[in-house]
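Asks: the sequence and its predicted three-dimensional model are supplied below.
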Amino acid sequence: MPQTIIAGNWKMNKDLRESEDLLIALKSALATIPSGTTVVVCPPFTSLALAGSLLNGSAIALGAQNMYVEDEGAFTGEVSPRMLLAVGCRYVILGHSERRQYFHETDEFINRKAKKAHAAGLIPIICVGETLQEREKNITPLVITTQVRGCLQGLTPAQMKRTVIAYEPVWAIGTGKNATPQQAQEVHALIRSLVKEMFGTDVADAVTIQYGGSVKPENAAELLRQKDINGALVGGACLKADSFSAIVRASA
Ligand code: PEP
């Protein structure tokens with residue numbers, strides 16, 4: 001059975017003070033979390049150390065939004081997995097569509113990062129998803145297959161079991177337009193079948209596949225009811241404690 005994981009991607013929002021306010025509100029709104037659900041928050045780098053100490057001992061896990069593939073050295077502006085672990089991160093989002101679009105990250109680079117994350121002991125949340133143009137051209141399955149194979153190749157079955165995949169149709173991110181539960185389920189089933197092809201049934205049955213793209217309290221329960229949807233990666237709605245905690249409750 002895959003674990004249900006609800007993760008909040010704060011993106012480039014919340015300075016240190018605002019982060020503190022949101023984290024305190026989240027801790028109280030999520031004092032009880034549905035059993036079987038894991039909650040992860042991913043603030044910007046500048047708030048991670050604070051978040052690590054505020055969340056210490058709570059049931060909310062910490063994640064980063066990105067990382068580099070080296071431990072240390074002359075890589076100006078980058079942050080290493082070791083640094084993330086040192087402030088209490090357990091998860092790291094890799095290959096978000098905004099990183100692919102604005103920072104030209106490729107499947108090959110995301111694959112290197114995934115291997116590095118595992119080697120360091122972080123759990124990667126690997127994002128895949130098609131653009132509107134690709135969906136309209138009816139090439140969604142081809143795009144997803146290429147991304148999944150490219151990002152996951154060479155992981156061991158044990159690493160894959162601990163990897164989280166987030167299906168995020170790019171046209172649904174930050175647009176208010178979510179995929180219908182049926183559209184999402186179709187792609188999630190494809191992703192699970194690709195994992196099965198690459199790593200076997202055991203791994204495919206265990207891997208968590210999140211949906212992301214305008215998840216809100218109003219649509220979360222129906223999306224999460226789909227057979228192959230095992231959680232959500234939430235952008236806009238994770239910036240307020242009441243909406244994020246309502247999504248977490250919808251996973252019950
Ligand atoms: C995201 O960027 O991961 C995301 C899903 O954003 P939103 O929920 O705002 O669509």
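Replies: Ah, there it is.
Asks: and stretch 167-185, how far apart are its ends?
Replies: 10 Å (CA to CA, to the nearest Å).
Asks: what's the nearest residue to the residue of the chain at minimum distance from the ligand if we skip its chain neighbours?
Replies: Taking CB to the nearest ligand atom, the ligand has its nearest neighbour within the chain at Gly235, 2.1 Å off. Quick note: C-beta positions are derived from backbone N, CA and C, even for glycine. Among residues not flanking Gly235 along the chain, Asn9 sits closest, at 5.3 Å (CB to CB, 6 or more residues apart in numbering).
Asks: doesn't Cys42 make contact with the one you found?
Replies: Yes. Using CB atoms under 8 Å as the test, Asn9 is close enough to Cys42 to be in contact (5.0 Å).
Asks: what do those two both touch?
Replies: 65, 93 (CB atoms under 8 Å, 6 or more residues apart in numbering).
Asks: pLDDT score for the residue nearest to Gly235?
Replies: Here the pLDDT value assigned to Asn9 is 98.
Asks: backbone dihedrals for it, please?
Replies: phi -100, psi 100 (degrees, to the nearest 10).
Asks: repeat that for Val234.
Replies: The phi/psi pair for Val234 (degrees, to the nearest 10) is phi -110, psi 130.
Asks: and this structure, which residues reach the ligand?
Replies: 9, 168, 173-174, 212-215, 233-237 (CB under 6 Å from any ligand atom).
Asks: greatest separation within the residues you listed: which pair is it?
Replies: Spatial extent of the residues of the chain next to the ligand (CB to CB) is set by the pair Glu168 and Ala237 at 13.7 Å.
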